[in-house]
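> Please work out how this folds:
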Amino acid sequence: MNPIHDTDVLLLLAVALASKRKPATLDELITALSLTDKRLPPKVKLHDAFTRLSANGLMIEQDGGYTLTEAAQTVLALGRKNYEHEERVFRVKERLAEFEAPAGKHPVIQLAADALGAAISAYEASLPPLTKTEKAELKREQAGAPRRPPAASRGPGGRPRSRG
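This is a model prediction of the structure:
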């Protein structure tokens, strides 16, 4: 399967997590995606990942939800179960690089853009409000301002110590 995107791997892992007992709904997939990283991939990248994975026979739509195919389950079968998240993502990426899509035509999942947007909005609405610290970090991130040095490196009065 070429090319291999990070979003594809994250979506595969999220589907595996969310659809253990029954096909996962879009809301359940978004929640599973957020467990590994609070920042969700953009809607466009998620939509493309659904298309790529289903076109290569790794994911199917079933009973109003989404689940993995046998081929995807073999890609995700890594042997050990206690990999750290980054190592698991790396191993799955390696397996996807070696993956050859089964012959034949696979049904492509056609996601409505508004359905994906609604699921992401519903997830974001369920989050607790940001704390003061999180708001300050977000503002600093957006402004690109450097962080102040920790208090231990500041001299009396809160001013940075001179190094001279």
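> List the residues that contact residue 102.
57, 71 (C-beta atoms under 8 Å, 6 or more residues apart in numbering). All C-beta spots, glycine's among them, are computed from the backbone N, C-alpha and C.
> what do you get if the cut-off is 10 Å, keeping everything else the same?
By C-beta atoms under 10 Å, 6 or more residues apart in numbering, the residues touching residue 102 are 56, 57, 58, 69, 70, 71.
> any idea which of these is closest to residue 15?
residue 58 (8.8 Å; C-beta to C-beta).
> Which parts of this protein are strands?
For the chain, the strands defined by DSSP state E occupy 59-62, 65-68.
> The ones you listed: which one's closest to residue 7?
Closest among the strands of the chain, once you apply C-beta to C-beta, is strand 59-62, at 12.8 Å.
> tell me how far that closest one is from the chain's mean position?
Offset of strand 59-62 from its chain centre (C-alpha atoms, centre = their mean, to the nearest Å): 19 Å.
> Can you name every helix or strand that it contacts?
For strand 59-62, the elements it packs on are helix 6-18, helix 43-55, strand 65-68, helix 70-76, judged by 3 or more C-beta pairs under 10 Å, 6 or more residues apart in numbering; DSSP states H and E.
> Low-confidence stretches in the chain?
The chain contains residues with pLDDT under 70 at 1-2, 104, 145-164.
> redo that, cut-off 80
For the chain, the stretches with pLDDT under 80 are 1-3, 36-38, 78-83, 101-106, 112-113, 144-164.
> coming back round to it: of all the strands of the chain, which one is nearest residue 136?
Nearest to residue 136, of all these, is strand 65-68, at 37.7 Å by C-beta to C-beta.
> If you count contacts, what does that closest one end up packed against?
Counting contacts by 3+ C-beta pairs under 10 Å, 6+ apart, strand 65-68 is packed against helix 6-18, helix 26-36, helix 43-55, strand 59-62, helix 70-76.
> Export only the CA atoms of it, formatted as CSV.
C-alpha atoms of strand 65-68 as CSV (Å, rounded to 0.1, in the frame of the first residue of the first chain):
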residue,chain,number,x,y,z
GLY,A,65,-20.5,1.1,11.7
TYR,A,66,-16.9,0.4,10.6
THR,A,67,-14.8,-2.6,11.2
LEU,A,68,-11.5,-4.1,10.1
